[in-house]
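Student: Pasting a predicted model and its sequence here:
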Amino acid sequence: MKLRLQKILAEAGISSRREAETFILAGRVTVNGRIVRSLGSKADPESDLVAVDGRPLGPPETKAYFVLYKPRGVITSRKDERGRKTVADLMRSLPFRLFPAGRLDYDAEGVLIMTNDGELAMALTHPSYQVSRTYLTKVRGFPSPSALAFLRRGSGSGPSPRVRLVKKTPKNCWIEITLTTGRYHEVKEICAAAGHPVLRLIRTAHGCVTLEGLQPGEYRPLLPREVRHLRTLLRTFHGNGEKIQR
């Protein structure tokens with residue numbers, strides 16, 4: 001059966017589907033010896049020879065699912081051209097080629113799901129799935145009721161965030177923000193627009209996965225119940241007859 005090249009690369013544990021797109025566009029992927037640059041290209045993993053940088057793909061990897069407490073000052077990437085520490089460096093001892101499901105900024109910290117399951121990684125990050133992400137956010141100053149109402153309106157696209165005041169410090173305060181849109185820099189942007197810039201950002205949950213029991217830099221395998229819960233996203237999505245084109 002012919003599958004999109006992005007899916008084949010993700011199933012082989014080479015990359016996420018998004019990273020696979022960059023490989024294809026860069027001419028790094030071949031099918032039966034011919035370079036393929038079209039994102040709509042398909043191949044049959046059983047009969048076609050698919051290679052990346054001249055290396056044929058191996059059989060699909062055993063699926064692996066971990067949660068990492070990403071510390072501040074670590075790049076959410078498999079490698080960094082500037083030589084900075086990456087999340088892959090923190091998990092290099094594992095016998096899996098893992099990639100992050102989504103991203104956290106260099107100065108942010110918290111829950112980062114790491115997996116070689118490209119389909120699940122896509123579901124966790126694509127807006128269509130509306131997977132919740134919860135952030136504990138230290139902001140400058142003390143938001144007024146009107147500022148909190150502004151935050152609850154969010155960016156104006158997609159469901160509105162849930163916002164609650166957690167605690168105050170002498171000069172600042174902590175608020176919890178839960179959203180499902182996952183837009184790049186969304187928490188920082190809406191807080192800045194409300195007049196209360198983010199001073200510290202911790203993602204405490206991604207879907208059902210939390211930081212419980214972890215310190216910065218530590219990781220653990222997802223529990224079977226967590227994997228089952230996350231994979232219901234795929235069953236629900238496909239059960240509706242919908243399809244994301246990647």
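Tutor: Happy to help now that I have it. Numbering: from 1, shown residues only.

Student: what residue lies at the spatial centre of the chain?
Tutor: Gly102 (1.4 Å; CA atoms, centre = their mean).

Student: Let me see the backbone angles for that one.
Tutor: Per-residue torsions, Gly102: phi 90, psi -160 (degrees, to the nearest 10).

Student: Run a quick neighbour tally on the spatially closest residue to it that is not a sequence neighbour.
Tutor: Excluding the flanking residues, the one nearest Gly102 by CB to CB, 6 or more residues apart in numbering is Thr125, at 4.4 Å. Backbone N, C-alpha and C define where each C-beta goes, glycine included. Per other CB atoms under 10 Å, the neighbour tally for Thr125 reads 20.

Student: ditto for the one 10 residues further on
Tutor: The criterion is other CB under 10 Å. On that basis, Tyr135 has 24 neighbouring residues.

Student: Isn't it up against Thr204?
Tutor: Yes - here Tyr135 lies in contact with Thr204, judged by CB atoms under 8 Å, at a distance of 6.8 Å.

Student: Show me this structure divided up by domain.
Tutor: The chain is divided into the following domains under automatic domain parsing: 3-56, 65-127+209-239, 132-206.

Student: any idea how far Ala205 is from the residue nearest to the centre of the chain?
Tutor: 13 Å (CB to CB, to the nearest Å).

Student: Residue most distant from the centroid, the protein?
Tutor: Pro170 (34.1 Å).

Student: so what's Ile75 up against?
Tutor: Applying CB atoms under 8 Å, 6 or more residues apart in numbering to Ile75 gives the contacts 84-87, 106.

Student: Can you lay out the residues you listed as JSON lines showing pLDDT and distance to Leu94?
Tutor: Formatted as JSON lines, those follow (pLDDT from 0 to 100; distance: CB to CB, whole Å):
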{"residue": "Arg84", "pLDDT": "91", "distance to Leu94": "20"}
{"residue": "Lys85", "pLDDT": "94", "distance to Leu94": "16"}
{"residue": "Thr86", "pLDDT": "95", "distance to Leu94": "14"}
{"residue": "Val87", "pLDDT": "96", "distance to Leu94": "12"}
{"residue": "Tyr106", "pLDDT": "94", "distance to Leu94": "23"}
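
Student: Can you list phi and psi of Ala88 for me?
Tutor: Main-chain dihedrals, Ala88, degrees, to the nearest 10: phi -60, psi -40.

Student: Pull the number of nearby residues for it.
Tutor: For Ala88, using other CB under 10 Å, the count is 21.

Student: With Val52 instead?
Tutor: Quick note: Val52 (other CB under 10 Å) scores 18 neighbours.

Student: Can you tell me how far it is from Val87?
Tutor: For Val52, the distance to Val87 - CB to CB - is 21 Å.

Student: State the helix or strand in which Gln215 lies.
Tutor: Gln215 is part of no helix or strand when elements are defined by DSSP states H and E.

Student: ok, now which ones touch it?
Tutor: Tyr69.
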